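**Q** model this:
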Amino acid sequence: MSLDYIIKIAGPMLEGARTTILLFLIVIVLSIPLGFVVTLMAKSTMKPLAWIAHSYIYVMRGTPLLLQLLFFCFGLPQIPVIGEYLVMDRFTAASLGFILNYGAYFAEIFRGGLLSIDKGQFEASKVLGLSKWQTLRKVILAQMFRVALPAVANESISLVKDTALLYAVAVPELLNYAKTAVNRDFTVTPFVVAGVIYLLMTLVLTLFFKTLEKRFKFE
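**A** Numbering: from 1, shown residues only. The predicted structure follows:
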C-alpha cells in the first residue's frame, strides 16, 4: 500500500464521494420534512389520510431498500401506459427511492417523539389560550425534536452507509470507483481507502449530532 498509489486513486474516489455526499444532503433535506408530514397524516382524524400514511410506512419499511431502488430505476418505466412518462436518470430515480424510504423511517421516529409527550401538555396549552398551531410550534415540536434527535442521528449515519447501494444501480459513487480500481489493479487498497472515507463522513456527522445533543442538554 504505497502512498503514491493512494494519492493516484484518491482523486477519482473523492469524485465518487462527492456523489455520495450530494445524495446524502438531498435525502436528508427532503425526507425529514416528508417524514413529519406523514406523521401528521397518520395522526389525522381523516381516515383516508391516516390509511394512506400507514400503508406508505408499512410498504417502505417492510421491503428492502435495494428492491425499492431497483423498482424506481428499472421498474417505473415498465409500468403500462404511464411508464414512458416516469423515465428518469438513475441518480434522480435512486434519490427518489432513498427519500421515500427514509421518509417512512423518519415518520416512525417522529411518531415515537409525539407519543412521548404527555397529553397534559395539550390541555395546558388550551388553558393558556394557545391555538393549535401555536401549541404545535411552541410546545409539541420543540419537545418532539429533543426526543427524536438521537434516533434521527442514528438514521442519518445509516444513510451515509446505505448510499453504497447506488453501486447496485450503476450510479458512479464512492464504492463504484473503489470496485473499479480493485478490478483494474488487483489490490484491496481502494476498499481500505473507501472505508476510511466513509469513516470520516460518519465521524463528521457524529460530532455534529453530539454538538446538537449537548446544546439541547441530552448529556
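
**Q** what residues are up against the nearest residue to Ala181 once chain neighbours are set aside?
**A** Residue nearest to Ala181 in three dimensions, not counting chain neighbours: Pro190, with 3.8 Å by CB to CB, 6 or more residues apart in numbering. Placement of C-beta: from N, CA and C, glycine included. By CB atoms under 8 Å, 6 or more residues apart in numbering, Pro190 lies in contact with Ile9, Met13, Tyr177, Ala178, Lys179, Ala181, Val182.

**Q** Tell me how many other residues surround the second one.
**A** It refers to Met13. Using other CB atoms under 10 Å, Met13 has 23 neighbouring residues.

**Q** List the buried residues of the strand or helix carrying it.
**A** Taking DSSP states H and E as the criterion, Met13 maps to helix 3-42. Judged by neighbour count (16 or more other CB atoms under 10 Å), helix 3-42 contains these buried residues: 9, 12-13, 16-17, 19-21, 23-24, 26-28, 30-32, 34-36, 38-42.

**Q** Ok, stretch 194-202 next?
**A** For stretch 194-202, a neighbour-count test (16+ other CB under 10 Å) marks Ala194, Ile197, Tyr198, Met201, Thr202 as buried.

**Q** what about it, average pLDDT?
**A** Averaging pLDDT along stretch 194-202 gives 93.

**Q** what's the offset of that stretch from the middle of its chain?
**A** 17 Å (CA atoms, centre = their mean, to the nearest Å).

**Q** what's it in contact with?
**A** Outside of stretch 194-202, the residues within contact range by CB under 8 Å, 6+ apart are 13-14, 17, 20-21, 24, 157, 160-161, 164, 174-175, 177-178.

**Q** Can you show me the helices along the protein?
**A** Under the criterion DSSP state H, helices of the chain are mapped to 3-42, 47-62, 65-70, 90-115, 120-127, 132-134, 141-162, 174-185, 189-215.
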